[in-house]
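Student: let me see the structure of the following:
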Amino acid sequence: MLVFLLLCLAALAPAWAAEPLPVRGLHVGAPKPEDMALCLRFIRDALPKEGVNTLVMEFGYGYQFTRRPELADPSGLSKADVQAIAEACKKAGVRFIPEINLLGHQSWAKTTSALLRVHPEFDETPGQYPNNEGIYCRSYCPLHPQVHDVVFDLIDELAEAAGAEAFHAGMDEVFLIGEDTCPRCKGKDKAELFAGEVSAIHDHLAKTGRGLWIWGDRLLNAELIGSTKWDASQNGTHTAIGKIPKDVVICDWHYHRALPTAAYFAVQGFPVVSSPWREADVALAQLEQIEAVRVQATEAIAGRMQGVLQTTWCGFGPFARAYFGERPAEPNVAAVESAACFKALFRQIRQRKLN
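Tutor: Numbers count the residues shown, from 1 in each chain. Model prediction:
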């Protein structure tokens, strides 16, 4: 009886719902220069085999910028390296999307990233939190009159080197925004500030025909969905969802539970992808939710459920080596688990296509 019902459901589904997911993506960190050969091999051999059609690569400030040489990382990838990655993606039939995590994530532990290290005047909390103690990550002030001159140069240079039609701006886990220690942001609505920054980056990218991707956590109400401050907002930024352009692609990440928030973003009018990490059961449940909405919902909603973006969060080299089974003497657990999750998820996607 169950098989009969499933066959009936498939017969009633719109034809496009059975087509391959528009986004079958993987998110990785940028490789170190010494891992370039491994990177090109991974793109050439692994991505087509798994059925990946989108590669989001997070560079941060790890690039040899020339437009803002004060922010260049001499140990980062060069323009030639990025062009080689872009060419390999093109040959593999993979869309290449570079990423710099903007607004938040401007530090990690005691290390402040290049933007605020070189331009401390952009800091949302100037002079506060010595050695970054007592905070998760620093943020830049979205209202500083010069910050976009610098940030947009970085975006443009990296996007041009990558030949990219879209750019991922991160913008997850923004805890410091609208702070009382900021002379420009003090007293302002946090959702308005967040929405303003998303819109500013979106509008800049639109001038060159590029789309914007961001993580979705700051647009979810943690109290309403019963989640934590990490994958949803507890500081009021969630109302920004009604104030940003509807063509922003939302990467809806949840790593330990398959919360049904991808459908929420689609109902709100956004193209959305689900983003798992290390737990295959969660990844497969997220895929099931994407597929169910694509079959059951109206065409307007279903068409916004674009697919998946598997994350890694362990460095490119460890992930690629774990994928190829080249384990070091001391395996990186996150790399092994995220590689296993990636394989399980994309195996299911390929099986879905065959059926």
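
Student: just the strands in this protein please.
Tutor: All strands of the chain, identified by DSSP state E, fall at 23-29, 54-58, 95-102, 107-108, 111-112, 166-170, 211-215, 249-253, 272-275, 305-310.

Student: got those as a markdown table, with distance to residue 119, mean pLDDT and mean neighbour count columns?
Tutor: For every residue, glycine as well, the C-beta is placed using N, CA and C. Formatted as a markdown table, the strands of the chain follow (distance: least, Cβ to Cβ, whole Å; pLDDT from 0 to 100; neighbours: other Cβ atoms under 10 Å):
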| stretch | distance to residue 119 | mean pLDDT | mean neighbour count |
| --- | --- | --- | --- |
| strand 23-29 | 24 | 98 | 23 |
| strand 54-58 | 21 | 99 | 23 |
| strand 95-102 | 14 | 98 | 23 |
| strand 107-108 | 13 | 98 | 18 |
| strand 111-112 | 11 | 98 | 14 |
| strand 166-170 | 18 | 99 | 22 |
| strand 211-215 | 22 | 99 | 24 |
| strand 249-253 | 27 | 99 | 25 |
| strand 272-275 | 30 | 98 | 28 |
| strand 305-310 | 30 | 98 | 25 |
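
Student: so which of those is nearest residue 127?
Tutor: strand 111-112 (12.8 Å; Cβ to Cβ).

Student: sheet partners, orientation included, of that closest one?
Tutor: strand 107-108 (antiparallel) (DSSP bridges).

Student: how distant is the partner strand from the center of its chain?
Tutor: Taking Cα atoms, centre = their mean, to the nearest Å, one finds the center of strand 107-108 at 17 Å from the center of the full chain.

Student: neighbouring contacts of the top helix by length along the chain?
Tutor: Counting by DSSP state H, the longest helix found in the chain is helix 333-354. Residues from elsewhere that reach helix 333-354 (Cβ atoms under 8 Å, 6 or more residues apart in numbering): 20-21, 24, 26, 50-52, 276-280, 283-284, 287, 291, 308, 310-315, 318-319, 321-323, 327.

Student: repeat that for stretch 296-309.
Tutor: 14, 16-17, 21-27, 54, 56, 249, 251, 262-263, 265-267, 269-276, 283, 286-287, 290, 293-295, 345, 349.

Student: how about the helices of the stretch 51-200 of the chain, start to end?
Tutor: 79-92, 114-118, 147-162, 190-206 (DSSP state H, counting those that start in this stretch).

Student: tell me what the third one is packed against?
Tutor: Under the contact definition 3 or more Cβ pairs under 8 Å, 6 or more residues apart in numbering; DSSP states H and E, helix 147-162 sits against helix 79-92, strand 95-102, strand 166-170, helix 190-206.

Student: could you check the angle that helix makes with helix 79-92?
Tutor: With axes from the mean of the first three to the mean of the last three Cα atoms, to 10 degrees defining the directions, helix 147-162 sits at 50 degrees from helix 79-92.

Student: over to the last one?
Tutor: Between the axis of helix 190-206 and that of helix 79-92 there is an angle of 80 degrees, by the same axes, to 10 degrees.

Student: so helix 190-206 versus strand 211-215, what angle?
Tutor: Using the same axes, to 10 degrees: helix 190-206 against strand 211-215 is 150 degrees.

Student: may I have helix 190-206 exported as CSV, CA atoms only?
Tutor: What follows is helix 190-206 as a C-alpha-only set of coordinates in CSV (Å, rounded to 0.1, in the frame of the first residue of the first chain):
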residue,chain,number,x,y,z
LYS,A,190,19.7,45.9,15.1
ALA,A,191,17.5,44.4,12.4
GLU,A,192,17.6,47.7,10.5
LEU,A,193,21.4,47.7,10.7
PHE,A,194,21.7,44.1,9.6
ALA,A,195,19.2,44.6,6.7
GLY,A,196,21.0,47.7,5.7
GLU,A,197,24.3,45.9,5.4
VAL,A,198,22.8,42.9,3.5
SER,A,199,21.1,45.4,1.1
ALA,A,200,24.3,47.5,0.6
ILE,A,201,26.3,44.4,-0.4
HIS,A,202,23.5,43.1,-2.5
ASP,A,203,23.1,46.4,-4.4
HIS,A,204,26.8,46.7,-5.0
LEU,A,205,27.0,43.2,-6.4
ALA,A,206,24.0,43.8,-8.6
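
Student: make JSON lines out of the helices of the stretch 51-200 of the chain and add mean neighbour count, distance to residue 173 and mean pLDDT.
Tutor: Formatted as JSON lines, the helices of the stretch 51-200 of the chain follow (neighbours: other Cβ atoms under 10 Å; distance: least, Cβ to Cβ, whole Å; pLDDT from 0 to 100):
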{"stretch": "helix 79-92", "mean neighbour count": "18", "distance to residue 173": "26", "mean pLDDT": "98"}
{"stretch": "helix 114-118", "mean neighbour count": "19", "distance to residue 173": "16", "mean pLDDT": "98"}
{"stretch": "helix 147-162", "mean neighbour count": "19", "distance to residue 173": "18", "mean pLDDT": "98"}
{"stretch": "helix 190-206", "mean neighbour count": "20", "distance to residue 173": "12", "mean pLDDT": "98"}
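
Student: among the ones you listed, which is nearest residue 213?
Tutor: helix 190-206 (9.9 Å).

Student: who does the closest one touch, helix- and strand-wise?
Tutor: helix 147-162, strand 166-170, strand 211-215.
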